[in-house]
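Undergrad: quick one: sequence plus predicted model below, questions after.
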Amino acid sequence: MIRLPKEIAHMIKTIEDAGYEAYAVGGCVRDSILGIPPEDWDLTSNASRETLEALFPDAAIVNKKLGVMRITEGEVKADIAAYRIDGEYEDYRRPETVAFTEKIDEDLRRRDFTMNAIAVSPGRGVVDPFLGRADIEGKLIRGIGDPRLRFEEDALRILRGIRFAAQLDFEIDGETLRAMKEKAKLLKYISMERIREEFTKTITASYGGKGLGLFLETGVLVYILGEDCINHIGVAAREKLGLLAEKIDQAEKEPNLRLALFYLCFEKDCALAAIDRLGYSNERKILLRNAVGLTDELDGIREKKSLKRLISRVGLEIYRYLTEVSKQQCRVYRLDETALLDRIQLFDSIQENGEAIFIEDLAVDGNDLIQIGIKEGVAIGKALNHMLATVHQCPEKNKKDQLLKIAERIKI
């Protein structure tokens with residue numbers, strides 16, 4: 001028997017004691033079978049919303065149209081909805097209408113994959129009409145009924161199936177995989193936000209390489225990169241992608257690092273356009289654009305002056321991020337780490353010696369320059385930048401008297 005937390009079991013018993021059916025259902029049941037602690041709990045019942053409100057007076061309405069309520073017991077929360085049958089899907093994402101039913105089997109039939117169509121009640125046992133538990137044991141992702149219809153109903157299920165494969169290390173059933181390829185074009189109707197979310201979860205999963213390989217195999221990559229980028233991908237980029245699919249699982253699962261590895265497979269302009277397309281947060285977009293734009297420059301640095309100039313231009317946070325990206329490249333592709341380690345040693349030496357990197361590190365400031373007659377405004381900035389370039393080259397000149405002599409010459 002699948003074990004449920006006592007709070008979930010009590011919620012179900014409360015409904016059953018009132019004369020109705022109730023089950024835990026969906027991903028929480030799947031994860032429980034796999035021994036994975038569920039992140040969320042979903043329940044379903046043939047009790048009406050009015051009945052559930054009476055049984056759980058503190059429940060909150062989550063989705064009025066679908067009758068979804070959130071109930072809480074102790075520290076445990078669960079979303080509960082009535083058994084339902086979905087109507088026509090006119091936008092390839094959500095049903096236009098829903099009809100409520102008294103039969104749990106009919107509710108399970110509308111779901112995406114067999115592994116997500118298992119219901120369990122401590123008192124009533126397990127309901128598994130599509131043999132989802134056998135598919136879980138066989139590590140198989142299989143669409144319910146005709147998978148083409150499931151993907152026509154909700155095209156996001158294609159990306160969800162790939163994500164599940166990457167998270168669980170499952171294989172996709174042959175017919176379901178063929179349906180994914182056939183219906184991938186329907187992803188054009190899915191919002192960029194949902195595509196970005198599924199893509200990020202997939203590439204950062206424990207078996208992200210499997211997910212990346214499925215992106216390539218099913219043809220969904222165009223909806224992640226955009227047609228312009230896809231049309232300009234050459235043989236070299238495809239080879240890099242194929243190699244990354246084999247190796248990316250060796251990288252840290254941190255999103256900004258794995259995403260950088262992905263976009264570094266492409267020519268610069270293509271990668272930048274693809275990053276902008278998915279609408280990442282400003283913080284993530286800045287990091288990824290810098291990874292694409294500066295990794296080659298950073299890799300070419302061999303001496304302190306160039307390193308200080310780059311850091312002064314992009315800041316310490318970006319530099320440290322680029323260094324982590326370089327570490328992941330070395331780990332994933334088994335590259336020679338000599339240049340990376342030398343650059344780290346250069347940076348450590350700069351810090352240990354207290355060498356100036358930023359204008360704020362100079363031994364003079366704008367007030368000092370005003371006192372010797374340099375006018376406020378653009379002239380101050382030019383003078384400070386000139387002095388910074390000088391001490392990047394000759395750190396020993398970062399002394400007030402020497403810098404003021406340089407400033408006097410600039411003033412003249």
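TA: That came in fine, so what should we check first? Numbering: from 1, shown residues only.
Undergrad: pLDDT weak spots in the chain?
TA: Within the chain, the ranges that satisfy pLDDT under 70 run 1, 86-98, 411-412.
Undergrad: any idea how it splits into domains?
TA: Annotated domains of the chain cover 1-131, 288-352, 359-411 [automatic domain parsing].
Undergrad: could you dump those into JSON lines with distance to Phe151 and mean neighbour count added?
TA: For glycine as for every other residue, the C-beta is placed from the backbone atoms N, C-alpha and C. Below are those laid out as JSON lines (distance: least, C-beta to C-beta, whole Å; neighbours: other C-beta atoms under 10 Å):
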{"stretch": "domain 1-131", "distance to Phe151": "8", "mean neighbour count": "17"}
{"stretch": "domain 288-352", "distance to Phe151": "30", "mean neighbour count": "16"}
{"stretch": "domain 359-411", "distance to Phe151": "56", "mean neighbour count": "15"}
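Undergrad: with distance to Asp173 added, can I get those domains in TSV?
TA: Output for the domains of the chain, formatted as TSV (distance: least, C-beta to C-beta, whole Å):
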stretch	distance to Asp173
domain 1-131	9
domain 288-352	30
domain 359-411	60
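Undergrad: now do the contacts for Ala363.
TA: Counting by C-beta atoms under 8 Å, 6 or more residues apart in numbering, Ala363 touches Asn398, Lys399, Lys400, Leu403.
Undergrad: still on that earlier bit, so which of the domains of the chain comes closest to Lys188?
TA: Lys188 lies closest, by C-beta to C-beta, to one member of the domains of the chain: domain 1-131, at 8.8 Å.
Undergrad: can you give me the helices for the stretch 201-350 of the chain?
TA: For the stretch 201-350 of the chain, applying DSSP state H, counting those that start in this stretch gives helices covering 208-218, 222-225, 227-231, 235-247, 255-263, 268-277, 282-299, 304-314, 316-333, 338-352.
Undergrad: columns distance to Lys183 on top of those, output as CSV?
TA: Output for the helices of the stretch 201-350 of the chain, formatted as CSV (distance: least, C-beta to C-beta, whole Å):
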stretch, distance to Lys183
helix 208-218, 9
helix 222-225, 12
helix 227-231, 18
helix 235-247, 22
helix 255-263, 24
helix 268-277, 21
helix 282-299, 29
helix 304-314, 43
helix 316-333, 32
helix 338-352, 44
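Undergrad: coming back round to it: ok, which of the domains of the chain comes nearest Tyr223?
TA: With C-beta to C-beta, the closest approach to Tyr223 among the domains of the chain belongs to domain 1-131: 12.4 Å.
Undergrad: just how off-centre is that closest one within its chain?
TA: Put simply, domain 1-131 sits 27 Å off its chain's centre (C-alpha atoms, centre = their mean, to the nearest Å).
Undergrad: try stretch 236-250
TA: 18 Å.
Undergrad: select, out of the domains of the chain, the one closest to Ile172.
TA: Closest among those, using C-beta to C-beta: domain 1-131, at 9.4 Å.
Undergrad: for stretch 34-49, measure first residue to last.
TA: This stretch, stretch 34-49, spans 31 Å end to end (C-alpha to C-alpha, to the nearest Å).
Undergrad: name the residues that touch that stretch?
TA: By C-beta under 8 Å, 6+ apart, stretch 34-49 touches 5, 8, 11-12, 15, 18, 20-28, 31-32, 52, 55, 67, 69, 71, 76-83, 101-102, 104, 107, 119, 136, 168.
Undergrad: on that earlier part again, out of the contacts of Ala363, what pair is the most spread apart?
TA: Distance extremes for those: the farthest pair is Asn398 and Lys400 at 8.8 Å, using C-beta to C-beta.
Undergrad: just to revisit the earlier point, the helices of the stretch 201-350 of the chain: which one's closest to Ser191?
TA: It's helix 222-225; of the helices of the stretch 201-350 of the chain, that one is closest to Ser191 (C-beta to C-beta) at 11.0 Å.
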